[in-house]
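Enquirer: curious how this folds, go ahead:
(chains A, B, C and D)
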Amino acid sequence: MKIGVFICWCGSNIKNMVDVERVAEATGKMPHVVYTQDVQYLCSEVGQSDIGNAIDEHQLDRVVIGACSPRMHETTFQQLMNRKGLNPYYVEIANIREHCSWVHTDKAKATVKAIDLVKKAVAKSYYAVPLHAESLPVNKRALVIGGGIAGIQAALDIADAGYPVDLLEKESSIGGKMAQFDKTFPTLDCSACILTPKMVEAATHENITLHTYSELEDVSGYVGNFHVTIRKRATSVDEERCTGCGECVTKCPAKVDNEFDQGHSKRKAIYTLFAQAVPNKPVLDRKNCIYFKTGKCGVCKKICPTDAINYEMEDQLIENDYGAIIVATGFELNEPTHLGEYHYGHHPDVITSLELERMLNASGPTQGKMYRPSNGKEPKRIVFIQCAGSRDRHDGNSYCSKVCCLYTAKHTILLNEKFPDTESYVFYIDVRTAGKNYEEFYERARQMGANYLRGHVSKVEPLGDSDNRLLVRGYDGSLGEQTEIEADLVVLATSIEPQQGAKKLAGMLGISSDRNGFYSEAHAKLKPVETQTQGVYLAGVCQGPKDIPEAVSQASGTAAKAIVLFNRGQVKGVPTTAMVDEELCSGCMQCKPVCPYEAISQEMITERAHGKARQRPVASINRALCQGCGACAGLCRSGAMDIGGFTGRQLLAEVDTL
Amino acid sequence: MCKITEELQQIAAELLKEGKVDLVLGYTKGEQEEQSVPCIVTQPEDASKLIFDEYSEKALSKYLLEESFQDKKVAIVLKGCDQRAFKLMQDESRLGREDVYLIGVECPGMKWGEDLSPFCLHCDYRTPAKEDVDSLLTGADIPEAMQGEPLDHEDSFTDINRLEKMSKEERFEFWKRQLNRCKRCYTCRNACPVCTCRVCVFDRENPDYIDRAKDQMAQHQFYHVIRAFHVSDRCVSCGECARVCPEGIPLHLLNQKLLRELDKFYGEYQAGIDEVPTPLSHANADEPDFFGKEGKA
Amino acid sequence: MMQDTFEPKIIAFCCNWCSYAGADLAGTGRLKYPENIRIIRVPCSSRVDSALVLRAFQNGADGVMIAGCHPGDCHYDTGNYHTRKRMMLLKSLMEFMGLDEERLLVKWISGNEADRFKDTVESFTSKLKKMGASGKVRDLRCAK
Amino acid sequence: MKPVIAAKSFEQLLKALHQLSSKYLVVAPTTEDGVEHYRPITQMSEEQKSQVERLSLRNQPPLGSVKPFLFPDSEIYIEFTKKDGKLDVQTPRASVPQIILGAKPCDVVSLELIDKVFLEDPVDGLYQEKRDNTVLIVNQCDEMGANCRCDDFGVQRSTGSADLLMSKDESSGKILLKAQSEKGNILAEELLKEGMEENPVFREPKVPVKEALESEKIQQAMDDFFESPFWEELAMRCIGCATCTFYCPTCHCYDIRDFQRKEQGARYRTWDSCMFPDYTRMAGGHNPRPTRKDRVQNRFYHKLSYFVKNEGALGCVGCGRCGEKCPVGISMDTVLNRIGGEVNDK
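Expert: Below is the predicted model of the structure:
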């Protein structure tokens, strides 16, 4: 065994706090270390060739690096080993930058620590075993979870590249939140006009299969080979037979609040989500159906000309295999009832932006007419309150919901255009207009007459007049004084939040969430659409608040990732998997239930003992499934189970060195 | 001769005569007073050697893993605790049920000197379930103390409670004194019917998990903590570890402490009765988190 | 009097995905903490078995820290659930044997909790300084 | 004529020995958590001290023999540290003079058996040092304990290398000591200074002497018995622990190991047991005694055959410890009773 030890200065990053020559000298005295060198930048071309030359010259078969975190440059050094014909797992890295030079202030002590860390790495390298990744075939089919604009875009891109995609949507129609919007900023395109064609394209694309009214039931497997169970909820309407004529909807006697219109209209118990729904076939809401509640009625069944109504229909479990999963589950809007000062929920004329959006929508509950929910009259003075629940450390979410500034500007513009005699007042903390043409859009809103007041609203309360108007008390920062505005309508820019089921879904997919509940990307800068779980990608607001063009481009990003994966056709497994020493293994299988990847199974081996051939069970690892966590090895009593790169022997060697 | 012994001899003789088994593994009278020792009978005429009494302590099930017992048809005498161990071995694929003829016996409780073994007083599984064995022999002469309900489960931890009431330093001194006598003869391990690894971690040379020095408390602590850990959720409470320790170290306390912690936080589990996986082989989100009280920073 | 000069030795097992990354971030952010800690990288906190912990103490560690992802955030889904179960048992057994179980610290530290990492190291170090050198589980041949 | 000295009571003897504890390590039998062992009297509680008289004068050996005080279960040869690239090697601690009070004749004989191995060329320095430094005060048993088989092994009145013999005069309650070696004489002198008095007579033990087994006959019977299926039966019962060997006063096998952490370590020896599977395993992995049967057989053959051939004596003193503590009740008798027929035939 010949070990070379290389200590990086990292310019001055390490050298200033660690005596690198001393580290090299001290570790050079360890057994099997035949060469040491300290180098200005090991990751640079010069540094790499220094290591390469030393490998050649001294016939090194192990390399120990004292440098930055292995999370930073492990791959760099492993690739170098590969080029030199050495196994990449014969390189061991001591983290003397992040864990030493950068966090300490006493050079003598930091040097002692750095010596310890490098010695530890040398000791570990004594017991290094060569490891190889296994290649696995990829199932070239994608699952997109969430049929909003992000999901639709991702599905379309992958489908256009020629790969089959399943698009999963929990509602009865794809379209998502964008379907509820009236116009989009900053162009004031009609939301439906740009969305609907995409919806139709997705529905009719030969490579896309829609699963609406469906949810994810279970996920197992790993990149390239996910096994997914989808629960398709019973719609009570036979899709094959239904022509979408709408007779049943017309005749259904049960009326309930229409969630799509934020409760500002009624829908039937059997209904389509909205007029342009895709697929345009109704579903039966069993909770509100008279037949399901009382056993009587059955009008829809009687009236259906194709006998498509099936009250006995049951949830269906659909199982499929996928190579990649794109998560585009979108968001929810916070119900601002907990923000008592805004009187939401107590006064009908305090509404959310989305309610306003529905009112302004020509296909909405009022066909685009503005009205005050309290008396149906047209509002004349409207106060917008920004950051209702966002950027609020005490009662709301600490983060910025990002899109409210622009959609509020849009609302004031639309109001101004359609109802020129309304006055708009906007209370804001900051107006954030980062985005192409956004600042101009905001300027336009102000020029068109929107009154922007920088400051907090402390209270919204009923004025008590005959018109049941509202008094908005706030602080006008530009005047530096309290101000009061009498309003006909108050609109709250409510906070964007993760879907309620986001945590559960994360658990199923093995991805993590940030502290706000949005899904975490693998790297904030460089892997913004990947997750920690290979083969699972993030698109749209489920990853964090963003506007439509961002969501769409992120969606295309995920599609690109999936397409790359499918084009390559195979994935490399984790080299650092579990391994079983069959000589030691009793086959007790205690490890089996511990494995989160179901990578351990029992296998019979034949061995000759005392002149007889005998069968006995041992644990066996499916290296394709194993991700190398080591939970099994931490449990195995005899130590028969081990983890490549982190063997019991190696960890003991590390402990013994410290 | 007690009823069980009589019936046992009869069954053993029959099994051997009919060639159903190659040997019967049971107990016979030992050389010392009040001692019964394991006994292997291969001839029908020797069946009369077999007895079963309140000194038949040794857990026999583990013998089945020994090389000498391979490729043989064996009939084995099992008390309740021993049958639990057998079941666990079966669940852990250490042996198959097919080649073994199980003679379950009603256990009258084992004697520890003058007294009944504390394990037996608290045992609520003295007799194997009928469906788990091939023959079940009952009619043991049950001493008064063993009649009626077994003592409350929580009471069985009396000694633990006594130790827990001590200060930490007193507890340390207690165990230091006890473990100081340990010679690592591995009798506790070898007698334990759930220590069933093919190769014990303490016998491994590479890596050498344990150092062989017997004058280092740290190595004794290592052995006993790890041993207790490996047994913990799989312990069948037979008490063999404590019985066989030549130094009288109350090793069962370590097992029982872990059993109690497991019971307390993860629900009661009885190895060899309840289905596998054993508690340490699974974990989930709903279990208590002892290390995250202050929450995320 | 010992407290002024005694420098405890801490061995930390940090899971690659959260706690090790958290320690990296502490470095990137140039946070400062005492030099007493030596970090050993493990794929997941559940890789650490009791033998490793005891071995560290035998060798003369004054404190051992096992750090993993917050429950629910485990990169491998369930690893830290196993860790907390096993380590709770180990700690309670240590306590039962009169060993200083508070020298074994189990902590959940995520990849972005650099402050938490620093705070943990600081408070653990100062706690161990107060406790003094560990002697109860140490192999005396490692005394020097 | 050897001098005989007397203490008025056992208590006085203990007190006198206590006075010498700055000079000697004085060990005596007592109980610890119910288990009988020799322990230094300076480390005993009052409760433990009160046990010493009973156990010292009892006709049955305690569980722990005196062996660990001459051949400890672990013993360091050398300690090494590496500093500044230099290796520093040290041989630790010199042996201290020690008095073992209440040793039994079987203990004495067992040490004499170990002497045959350790004190013959090449001499075991560590053992020799302790042996030379130890004064044995031996109680002569009046009768045998329940598990004692010393009579079979001709041990019961053996006092060969005892330094002082001890006996209690029941009528006066006096404890009588008779020195019979140079070390014994010196200690007797010292004890006289600590208040003990000379005594005209020593009380000889009452125990009748029985004819011992003839070692050659046993050896021959054992050798004839080698192929018996009995060994396989016995091996099936044995659980392979080391109780018999670790409590045997004549077993003396050890393993040499290195312990190393960082730049320091030690080379030490530690008791090994022929019952352990790795006992005879060689570096290449080959094991000449691969089965339990091989190992069980070896233990008995070593004591009852090979030792006779090599050292001219049986390797067992009949103390009964192995049989008493064996978790499956295997004793020397288990074997002797089986070969008995053959012994008598010869």
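
Enquirer: give me the buried positions along stretch A:99-112.
Expert: By neighbour count with 16 or more other Cβ atoms under 10 Å in any protein chain shown, stretch A:99-112 contains the buried residues A:99, A:100, A:101, A:102, A:103, A:104, A:109, A:110, A:111, A:112. Quick note: C-beta positions are derived from backbone N, CA and C, even for glycine.

Enquirer: cool, stretch C:78-92 as well?
Expert: In terms of neighbour count (16+ other Cβ under 10 Å), stretch C:78-92 has its buried residues at C:78-92.

Enquirer: and stretch A:512-524, by the same measure?
Expert: Buried, per 16+ other Cβ under 10 Å, within stretch A:512-524: A:512, A:513, A:514, A:518, A:519, A:520, A:521, A:522.

Enquirer: show me which pair in the buried residues of stretch A:99-112 is furthest apart.
Expert: Within the buried residues of stretch A:99-112, A:102 and A:112 form the most distant pair, 16.3 Å apart (Cβ to Cβ).

Enquirer: helices and strands around the helix or strand containing residue D:270, which ones?
Expert: Element membership for residue D:270 (DSSP states H and E) is strand D:264-271. Counting contacts by 3 or more Cβ pairs under 8 Å, 6 or more residues apart in numbering or on different chains; DSSP states H and E, strand D:264-271 is packed against strand D:74-83, strand D:254-261.

Enquirer: after it, which helix or strand is next?
Expert: helix D:292-301.

Enquirer: does any part of stretch D:56-74 sit near chain B?
Expert: Yes - Stretch D:56-74 comes into contact with chain B (Cβ under 8 Å from any Cβ of the partner chain), by way of D:63, D:72, D:73, D:74.

Enquirer: the first one - that's part of a helix, no?
Expert: No - membership of residue D:63 in a helix is not supported by DSSP: H, G, I helix; E, B strand; the rest coil, which gives coil.

Enquirer: quick one: name the residues of the stretch 51-200 of chain B near chain C.
Expert: B:160, B:163, B:164, B:168, B:169, B:170, B:171, B:172, B:173, B:174, B:175, B:176.

Enquirer: quick one on the thing from earlier: including mean neighbour count and mean pLDDT, could the helices and strands packed on strand D:264-271 go into CSV?
Expert: CSV is the format used below for these (neighbours: other Cβ atoms under 10 Å in any protein chain shown; pLDDT from 0 to 100):
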stretch, mean neighbour count, mean pLDDT
strand D:74-83, 16, 91
strand D:254-261, 16, 94
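
Enquirer: secondary structure element for residue 93?
Expert: Defaulting to chain A. Using DSSP H and E, the element containing residue A:93 is strand A:91-95.

Enquirer: whether that strand contacts chain C - can you check?
Expert: Yes - Strand A:91-95 reaches chain C (Cβ under 8 Å from any Cβ) through residue A:95.

Enquirer: strands of the stretch 1-150 of chain D, start to end?
Expert: D:4-7, D:25-32, D:35-40, D:74-83, D:86-90, D:98-103, D:134-139 (DSSP state E, counting those that start in this stretch).

Enquirer: before we move on, what about chain B?
Expert: B:23-29, B:36-41, B:50-51, B:74-78, B:100-105, B:111-112, B:115-116, B:135-137 (DSSP state E).

Enquirer: tell me, how many residues neighbour the residue nearest to residue A:363 when sequence neighbours are not counted?
Expert: Nearest non-adjacent residue to residue A:363, counting by Cβ to Cβ, 6 or more residues apart in numbering or on different chains: residue A:275, 5.9 Å away. Residues within reach of residue A:275, counting by other Cβ atoms under 10 Å in any protein chain shown, total 11.

Enquirer: tell me the SS of residue A:275?
Expert: What three-state DSSP gives for residue A:275 is coil.

Enquirer: cool, the one 5 residues further on as well?
Expert: Using three-state DSSP as the criterion, the local structure at residue A:280 reads coil.

Enquirer: among the helices and strands packed on strand D:264-271, which is nearest chain C?
Expert: Chain C sits nearest to strand D:254-261 of all these, at 5.0 Å, using Cβ to the nearest Cβ.

Enquirer: separation between the closest residue to residue A:318 other than its chain neighbours and residue C:123?
Expert: Closest residue to residue A:318 apart from its sequence neighbours, by Cβ to Cβ, 6+ apart: residue A:230 at 4.4 Å. Residue A:230 is 48 Å from residue C:123, where distance means Cβ to Cβ, to the nearest Å.

Enquirer: neighbour count winner among the two?
Expert: residue A:230 (20 against 11).

Enquirer: contact partners for that one?
Expert: A:166, A:168, A:211, A:214, A:215, A:216, A:217, A:317, A:318, A:319, A:320 (Cβ atoms under 8 Å, 6 or more residues apart in numbering or on different chains).

Enquirer: confirm it sits in a helix?
Expert: No - using three-state DSSP, the assignment for residue A:230 is strand, not a helix.

Enquirer: got the residues of chain B near chain A?
Expert: Residues of chain B lying close to chain A (Cβ under 8 Å from any Cβ) are B:67, B:70-71, B:92-94, B:196-201, B:204, B:206-207, B:209, B:230, B:277-278, B:280-283, B:285, B:296.

Enquirer: just the buried ones from these?
Expert: Buried among the residues of chain B next to chain A by 16+ other Cβ under 10 Å: B:92-94, B:196-201, B:204, B:207, B:209, B:230, B:277-278, B:280-283.

Enquirer: for chain D, which segments count as helices?
Expert: D:10-19, D:46-57, D:105-118, D:125-132, D:182-193, D:215-224, D:230-237, D:243-247, D:292-301, D:307-311, D:321-325, D:332-345 (DSSP state H).

Enquirer: how about the ones you listed in JSON lines, adding mean pLDDT, distance to chain C and mean neighbour count?
Expert: Output for those, formatted as JSON lines (pLDDT from 0 to 100; distance: least, Cβ to the nearest Cβ, whole Å; neighbours: other Cβ atoms under 10 Å in any protein chain shown):
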{"stretch": "helix D:10-19", "mean pLDDT": "94", "distance to chain C": "28", "mean neighbour count": "19"}
{"stretch": "helix D:46-57", "mean pLDDT": "94", "distance to chain C": "21", "mean neighbour count": "17"}
{"stretch": "helix D:105-118", "mean pLDDT": "94", "distance to chain C": "25", "mean neighbour count": "23"}
{"stretch": "helix D:125-132", "mean pLDDT": "94", "distance to chain C": "17", "mean neighbour count": "16"}
{"stretch": "helix D:182-193", "mean pLDDT": "94", "distance to chain C": "32", "mean neighbour count": "17"}
{"stretch": "helix D:215-224", "mean pLDDT": "93", "distance to chain C": "42", "mean neighbour count": "18"}
{"stretch": "helix D:230-237", "mean pLDDT": "94", "distance to chain C": "32", "mean neighbour count": "18"}
{"stretch": "helix D:243-247", "mean pLDDT": "96", "distance to chain C": "21", "mean neighbour count": "25"}
{"stretch": "helix D:292-301", "mean pLDDT": "96", "distance to chain C": "28", "mean neighbour count": "20"}
{"stretch": "helix D:307-311", "mean pLDDT": "95", "distance to chain C": "34", "mean neighbour count": "17"}
{"stretch": "helix D:321-325", "mean pLDDT": "94", "distance to chain C": "25", "mean neighbour count": "23"}
{"stretch": "helix D:332-345", "mean pLDDT": "73", "distance to chain C": "37", "mean neighbour count": "17"}
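
Enquirer: alright, calling it a day.
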